[in-house]
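*Asks:* Test case, fold it:
(chains A, B, C, D, E and F)
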6 protein chains.
Amino acid sequence: MSELTHLDETGAARMVDVTDKAVTSREARAEGFIAMRPETVAMIVDGEHPKGDVLATARIAGIMAAKKTHELIPLCHALNLTSVKVHLTPVSDGETGVHLEAVCRLTGQTGVEMEALTAVSIAALTLYDMCKAVDRGMVIRDVRLLEKQGGRSGHWKRG
Amino acid sequence: MSELTHLDETGAARMVDVTDKAVTSREARAEGFIAMRPETVAMIVDGEHPKGDVLATARIAGIMAAKKTHELIPLCHALNLTSVKVHLTPVSDGETGVHLEAVCRLTGQTGVEMEALTAVSIAALTLYDMCKAVDRGMVIRDVRLLEKQGGRSGHWKRG
Amino acid sequence: MSELTHLDETGAARMVDVTDKAVTSREARAEGFIAMRPETVAMIVDGEHPKGDVLATARIAGIMAAKKTHELIPLCHALNLTSVKVHLTPVSDGETGVHLEAVCRLTGQTGVEMEALTAVSIAALTLYDMCKAVDRGMVIRDVRLLEKQGGRSGHWKRG
Amino acid sequence: MSELTHLDETGAARMVDVTDKAVTSREARAEGFIAMRPETVAMIVDGEHPKGDVLATARIAGIMAAKKTHELIPLCHALNLTSVKVHLTPVSDGETGVHLEAVCRLTGQTGVEMEALTAVSIAALTLYDMCKAVDRGMVIRDVRLLEKQGGRSGHWKRG
Amino acid sequence: MSELTHLDETGAARMVDVTDKAVTSREARAEGFIAMRPETVAMIVDGEHPKGDVLATARIAGIMAAKKTHELIPLCHALNLTSVKVHLTPVSDGETGVHLEAVCRLTGQTGVEMEALTAVSIAALTLYDMCKAVDRGMVIRDVRLLEKQGGRSGHWKRG
Amino acid sequence: MSELTHLDETGAARMVDVTDKAVTSREARAEGFIAMRPETVAMIVDGEHPKGDVLATARIAGIMAAKKTHELIPLCHALNLTSVKVHLTPVSDGETGVHLEAVCRLTGQTGVEMEALTAVSIAALTLYDMCKAVDRGMVIRDVRLLEKQGGRSGHWKRG
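*Replies:* Numbering: from 1, shown residues only, chains lettered A, B, ... in the order given. Sure thing, here's the model as predicted:
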C-alpha cells in the first residue's frame, strides 16, 4: 500500500515528512475555466473592461484561498507563499466564460501546485456565486496543473 | 449594472440582504469528476473496497470545506448546515477517475449550492494532493450544480 | 466588579448569556476615516472612478472581516449576518483620505455593532496595506458607531 | 497605474512577489487610542491595577489577531512572527481612555507593520466590546505606525 | 456498520442530518484537570488571587475554542452558542494543579457537549503552554462530560 | 512574577521573543488515551482492522489540528510543521479504548510539543464525537508529552 506517499505502510494518512528536503525556489502554474452563457460574460465585462467588482472579487478570493490551502487540504504543509497572482480572462468567442490562471511562488521545502490549483478553484466558485442568480447552469472545467518548477522532481510541463 | 444581485448600483460588491427572506428548508446537490490514470485508481481502491485512507481523507476534507464556504467565497452568508454528505465513486471503466457528489441541507434564508460545490471542489483537490506524486496530469472536470430545492426560486434540476 | 456584563462576579471574562433574549431584527452602522496625502488619494481614484482594484479589495476585506468578528473579538457571539455593506468614499478636499462606512444586519439575539466596527477597521487597514509603499504616514481615525437598532436597548444614534 | 506595488499594470490586485528579497530582521511598532468616559476607565482599572480580565482579554485578542493578519488583509503575506507584545495603558487624566501599543518582530522577507497595526486595532475593538454596555460612544483614534526597522526601506520613524 | 450515527451504511463518514430535529434549549457541562507541581500552581496564583495573565489567557482560549469546535471536529455542526463559561480552580492541596470546568448553552438542533469538552481541552493546553518552561511533566487528565440537558436524549448526568 | 516566560515583569501575557534563537531540528512526541466500553471499541474495529471511517477521521482531525495550534493556544508561535503523524491503537484488553500518539517535526526556532499535544487532544475529541451516541461516559486521560528533541533545552524524555 506504500506507493502513495501520503499513506504509511498500514494505509493510514500522514503528512509527508519534508524535514530533510532542500529549500529551493518553487513555482507552480495552474488553470481552469468556468463556462457561462454569453449574456453572463457580458454582464461582468464591457469589452476589455471589467464592469463592477465581479472580477476583482474573484481575484481576491483566489489569492486569499491560496494562503488557506493547508487549512483545506488535510495533508498539505503550511507554507508562506512569496507570491500569488490570479489572472482572469473573460472569453466572449467560442465557448464563452472566464479562463482562470494562478501562479504561486515559494522558497521552501515543498511544491506549491496545490496552492495554485486551490486559487483557481475558489476564484471559479466565486464567479459562480456572483453570477448564479442569472445563470445557474455554469460549469467549472479543466482545473489542472500547467507547469511546476523547483524541488527534486524538477521542471514539469503539461504536454 | 444592477442585473447582478451581488453588486449595488455603482458596481460595488455587497453581501445580498436576506434579512426579509423566508426561512425554508433548502437542499443542493452538486457533482464533479477527477480524471486519473487507471493505475492511480487502482492504488486507492481494491475492487469495491477502499485501500487506505485516501477516500476517507477526501470525504472529510469535503465535509469540512462545506462548513468553511463563507470564509472562502467572499459574499456568501455564514450559515449552519444541518447535513453534509460527500459520495466518492471510483470509476475503473471508460474515463477512469473518481466521481464526486455532495449534498447539503439547511433550514434557513439562503440556498446551499455554494456549499455543495465547495465540498466537491475541495474533495477533488484532496484526491489530487494525495495522488499527485504518482499522477501529475490529473484533471478536475465538470464541477456543477445538479439540483436545488427550497427558497423563492423553487426546484431547479439540471436538464 | 459586576458593572461590566462581560465579567462575572470574580472579574473573570465570560461570553454573556443571551439564551433567553428575544430574536429581533438588528442593524448597526459604523464609520471611520483613513487620512492620506492628496497624491495617494489620486492614485486610487480618477475623479469619481476607482483606479484599479484598491477600493474593491478593501470593500471585500471589510465584508469578509465582518463575518469573522467572533473569531477576532474573544467574547463576541458567532452569528449569521443577513447583510453587510461597506461604502468607501475617497475625499479629495479638506483633509484628504477615504471615508469608510459599514452597515450590518441580522435577525437574532445580539447586536451587530462589533461586526460593523470590525468591517470598518479591516477595510481601513487594507487601504493602509495597499498604499503604504507610497505613504507610510497614513492614520486611521475616528472609528465609531453611528447608529444601532433592534434589541432591548432600542434605537441609539450618535448625538 | 503601476505606482502602487499591489496592482499590476492592468490595475489588478496581486500579492507582491518577495521571492528574491533578503531575509532580514524586522520590527514594527504601532499605536492607537480608544477614548472612553472617565467612569468607564475606572471600571477596568483600580489606580494602577487591572480590575478583572478586561485588559488581559484585549491583550490576548491583539496578540492572536497579529497572527491572523494575512487572513484579514487580502494581499498580506503569511509569516511566522517571532515576537508580539501589546501594551495597554489606561489614561485617567486629560482625554480619558486606553492607549494601545503593539510591537511585532520577524526574521523574514517582508515588513511587519500590518501585523502591529492589526494587533492595535483588534485590541481596541475588544475593549470597545467589553465596555459597550456602559459606554456606547467610545471612539478609536489615531491608529498609526510609530516605527519600522529592517528591510530595504531601512529605519522609518514617525516625525 | 450502522450502529454509529456518523457513518452511513457503507462505513463512510457523514455529518448527521439534523434538519428535522426540534429546536430546543441545550446545555452541557464538562470538566478536566491538569496536574502540576505545587511550585507551578504557586506561580500562577497567590492564595485565592491570580498572579498575572495565566488564568485569564486560558479562560479566553477556552471560550474562543468553543466557538471553533466545528472547525476542529470534522463532523460537528456549526452552531451559534448563546453562552460559554470557563471556570478554572487552582488546587493547592492533594493532587496539585488546576481544575477546569466549561458550560455551554444553545437554543438549537444539536447538543453542545463537544463545545464544552473542546473548551476544557484547549484551556488545559493553554495552561500547559504557559507553564511548560518550568514544569514539562504536567498531565491533562479526566476530560469528560458531567451533564447534558435538552434534545431528544433528555437529561444525562455522570453517575 | 517573571519566572514564567510568557509573562512580562508586570504579569502581562506576551508571545515569547524567539527572534534570536537558533534554527534547529525539533521533534516532539505526545500521547493520550480515551477510555471506552468494550462494545464501543468493537464498533470501530474488527480485530486489527478499522470498521468504517472512524479512525481515519480522528487521524485527519489530529493532523489538521496540529497545523492550527497557534490559532488555538494564544501565545504559541505560528510555524510550518515539516511532519505530523498520528497513531491510533484500539485497545481491547484491560482498560478498553483507543491509545493516541502524535509526532511532530520542524526545523525552526521553537519547540513543537504544543502541536503534538493538540493533535492528540483533538483526535481524542473526534473519537468522542463519533462514538458519543452509543457511549456518553467516555473519558480522555493522560494527555502528556513523551519526548522532545532539539533546541536549547535539548533532549527530554518522560521518566
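*Asks:* what about the residue in chain A that chain E sits nearest to, which SS state?
*Replies:* Evaluated by Cβ to the nearest Cβ, chain A has residue A:71 as its residue closest to chain E, separated by 8.6 Å. (Glycine included, C-beta is placed from N, CA and C.) What DSSP: H, G, I helix; E, B strand; the rest coil gives for residue A:71 is helix.
*Asks:* and it, what does it touch?
*Replies:* B:68, F:64, F:67, F:68 (Cβ atoms under 8 Å, 6 or more residues apart in numbering or on different chains).
*Asks:* Kindly give a single PyMOL line that selects the buried subset of the residues you listed.
*Replies:* Buried residues among those (16 or more other Cβ atoms under 10 Å in any protein chain shown), as a PyMOL selection:
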select buried, (chain B and resi 68) or (chain F and resi 64+67+68)
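*Asks:* ok, of the contacts of residue A:71, which one's closest to residue D:115?
*Replies:* Using Cβ to Cβ, residue F:68 is the member of the contacts of residue A:71 that lies nearest residue D:115, at 18.6 Å.
*Asks:* can you give me phi and psi for the closest one?
*Replies:* Backbone torsions of residue F:68, given as degrees, to the nearest 10, read phi -100, psi 0.
*Asks:* quick one: it and residue E:65, what's the gap?
*Replies:* In this view, residue F:68 and residue E:65 are 10 Å apart by Cβ to Cβ, to the nearest Å.
*Asks:* which other residues reach the lowest-mean-pLDDT helix or strand in chain A?
*Replies:* Using mean pLDDT, DSSP states H and E, strand A:49-50 stands out as the lowest-scoring helix or strand of chain A, at a mean of 82. Residues from elsewhere that reach strand A:49-50, judged by Cβ under 8 Å, 6+ apart: A:44, A:56.
*Asks:* Give the partner strands of that strand in its sheet and their orientations.
*Replies:* Sheet pairing of strand A:49-50 (DSSP bridges) gives strand A:45-46 (antiparallel).
*Asks:* chain center to the strand it pairs with, what's the gap?
*Replies:* When distances are taken as Cα atoms, centre = their mean, to the nearest Å, strand A:45-46 is centred 24 Å away from the chain's centroid.
*Asks:* And stretch A:79-97, end to end?
*Replies:* 32 Å (Cα to Cα, to the nearest Å).
*Asks:* Just say helix, strand or coil for the closest residue to residue A:153 other than its chain neighbours.
*Replies:* Of all residues not flanking residue A:153 in the chain, residue A:111 sits nearest, at 7.6 Å (Cβ to Cβ, 6 or more residues apart in numbering or on different chains). Recorded secondary structure, residue A:111: coil (three-state DSSP).
*Asks:* For residue A:111, give me its contacts.
*Replies:* A:26, A:28, A:148, A:150, A:151, A:153.
*Asks:* got these as a markdown table, with secondary structure, pLDDT and neighbour count columns?
*Replies:* Below are the contacts of residue A:111 laid out as a markdown table (DSSP: H, G, I helix; E, B strand; the rest coil; pLDDT from 0 to 100; neighbours: other Cβ atoms under 10 Å in any protein chain shown):
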| residue | secondary structure | pLDDT | neighbour count |
| --- | --- | --- | --- |
| A:26 | strand | 95 | 24 |
| A:28 | strand | 97 | 24 |
| A:148 | strand | 95 | 23 |
| A:150 | coil | 90 | 21 |
| A:151 | coil | 82 | 21 |
| A:153 | coil | 78 | 12 |
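*Asks:* and chain A, which of its residues are near chain D?
*Replies:* A:25, A:55-56, A:59-60, A:63-64, A:67-68, A:78-87, A:105-107 (Cβ under 8 Å from any Cβ of the partner chain).
*Asks:* Restricted to buried residues, select those residues in PyMOL.
*Replies:* Selection of buried members from those for PyMOL, criterion 16+ other Cβ under 10 Å:
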select buried, chain A and resi 55+56+59+60+63+64+67+68+78+79+80+81+82+83+84+85+86+87+105+106+107
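*Asks:* Which members of the residues of chain A next to chain D are positioned in strands?
*Replies:* Here DSSP state E is the test, and the residues of chain A next to chain D give A:25, A:83, A:84, A:85, A:86, A:87, A:105, A:106, A:107 as lying in strands.
*Asks:* can you put those in JSON lines and add pLDDT and distance to residue F:142?
*Replies:* Output for those, formatted as JSON lines (pLDDT from 0 to 100; distance: Cβ to Cβ, whole Å):
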{"residue": "A:25", "pLDDT": "92", "distance to residue F:142": "45"}
{"residue": "A:83", "pLDDT": "97", "distance to residue F:142": "45"}
{"residue": "A:84", "pLDDT": "98", "distance to residue F:142": "43"}
{"residue": "A:85", "pLDDT": "98", "distance to residue F:142": "49"}
{"residue": "A:86", "pLDDT": "98", "distance to residue F:142": "47"}
{"residue": "A:87", "pLDDT": "98", "distance to residue F:142": "53"}
{"residue": "A:105", "pLDDT": "98", "distance to residue F:142": "44"}
{"residue": "A:106", "pLDDT": "96", "distance to residue F:142": "39"}
{"residue": "A:107", "pLDDT": "92", "distance to residue F:142": "41"}
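*Asks:* what's the farthest-apart pair in those?
*Replies:* A:87 and A:107 (22.4 Å).
*Asks:* hang on, residue A:77 packs against residue A:110?
*Replies:* Yes: Residue A:77 lies in contact with residue A:110 (Cβ atoms under 8 Å); the separation is 5.0 Å.
*Asks:* which residues do the two both contact?
*Replies:* residue A:18.
*Asks:* how close does the residue of chain A most remote from its centre sit to residue F:66?
*Replies:* Within chain A, the residue lying farthest from the chain centre (Cα atoms, centre = their mean) is residue A:10, at 31.4 Å. Separation of residue A:10 from residue F:66 (Cβ to Cβ): 20 Å.
*Asks:* The residue farthest from the centre of chain A: which element?
*Replies:* Counting by DSSP states H and E, no helix or strand carries residue A:10.
*Asks:* got a pLDDT number for it?
*Replies:* Looking at residue A:10, its pLDDT is 91.
*Asks:* Kindly report the same for residue A:136.
*Replies:* At residue A:136, pLDDT is 88.
*Asks:* Which of the three states applies to it?
*Replies:* coil.
*Asks:* who does the spatially closest residue to it that is not a sequence neighbour bridge with?
*Replies:* Distances taken as Cβ to Cβ, 6+ apart place residue B:156 nearest to residue A:136, at 5.9 Å, with adjacent residues excluded. Listed by DSSP bridges, the beta-bridge partners for residue B:156 are residue B:148.
*Asks:* Residue A:96 and residue A:36: what is the separation?
*Replies:* Taking Cβ to Cβ, one finds residue A:96 at 6 Å from residue A:36.
*Asks:* Against residue A:39, how distant is residue A:33?
*Replies:* Counting by Cβ to Cβ, the gap from residue A:33 to residue A:39 is 18 Å.
*Asks:* got it, and residue A:107?
*Replies:* 45 Å.
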